[in-house]
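> After the sequence you'll find the predicted model.
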Amino acid sequence: MRLHQHALRAFLRRITGNDAEAEDLAQESFVFAWEKILRFDPVRPFRPWLFAIAWRKYRERKRGWRRWMARDAAYAETRAVMEDPDPGLRLDLASACAALPTEQQAALLLCLACDFTQAETAEALSLPLGTVKSHIARGRQKLAAFLGDET
């Protein structure tokens, strides 16, 4: 770490343009490298391996940031168009959600309220995709029944 930290942090500062983000990415990269050091092939040079980890960490964060910004913009757009729902309906919906089993509630909230795909929800909840799909379908049925919409 002592040997490569200055160069790695400088690289990350240049690509992020942000000292704090570069520091975070450097820490994540060093921790990941430490955890995976047994996978490192000592015949190959260490520095490119370490910088490849940092580059992947940067790209993962950038993809996540873009996804977050797109979701945030879509949510803001939806909120601007939507009127505030009836407070009674909001309470009914909150009660209906609270009555769902935890896994169904989490799957529905991630997919419907947070705009996760079903695959992202499966990953976030560490569940198989089919299980998430079942939770969503059953949760929707229960919500519809609770709210009196059996269609």
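Structure received.
> and the residue in the chain sticking out farthest from the centre, which of the three is it?
Of all residues in the chain, residue 43 has its C-alpha farthest from the mean position, at 35.8 Å, by C-alpha atoms, centre = their mean. Recorded secondary structure, residue 43: coil (DSSP: H, G, I helix; E, B strand; the rest coil).
> for the closest residue to residue 13 other than its chain neighbours, what are its contacts?
Counting by C-beta to C-beta, 6 or more residues apart in numbering, residue 13 lies nearest to residue 22, which is 4.1 Å off, once chain neighbours are set aside. Placement of C-beta: from N, CA and C, glycine included. By C-beta atoms under 8 Å, 6 or more residues apart in numbering, residue 22 lies in contact with 9, 12, 13, 16.
> From one end of stretch 108-122 to the other, what's the distance?
Using C-alpha to C-alpha, to the nearest Å, one end of stretch 108-122 lies 11 Å from the other.
> which parts of it are buried?
108, 110, 111, 116, 118, 121, 122 (16 or more other C-beta atoms under 10 Å).
> The protein: helices as residue ranges?
Residue ranges of the helices in the chain, as given by DSSP state H, are 5-16, 19-35, 46-81, 87-99, 102-108, 118-125, 129-146.
> For residue 37, see how far away residue 48 is.
According to C-beta to C-beta, to the nearest Å, residue 48 stands 15 Å off from residue 37.
> cool, and residue 142?
Applying C-beta to C-beta, the value for residue 142 to residue 37 is 48 Å.
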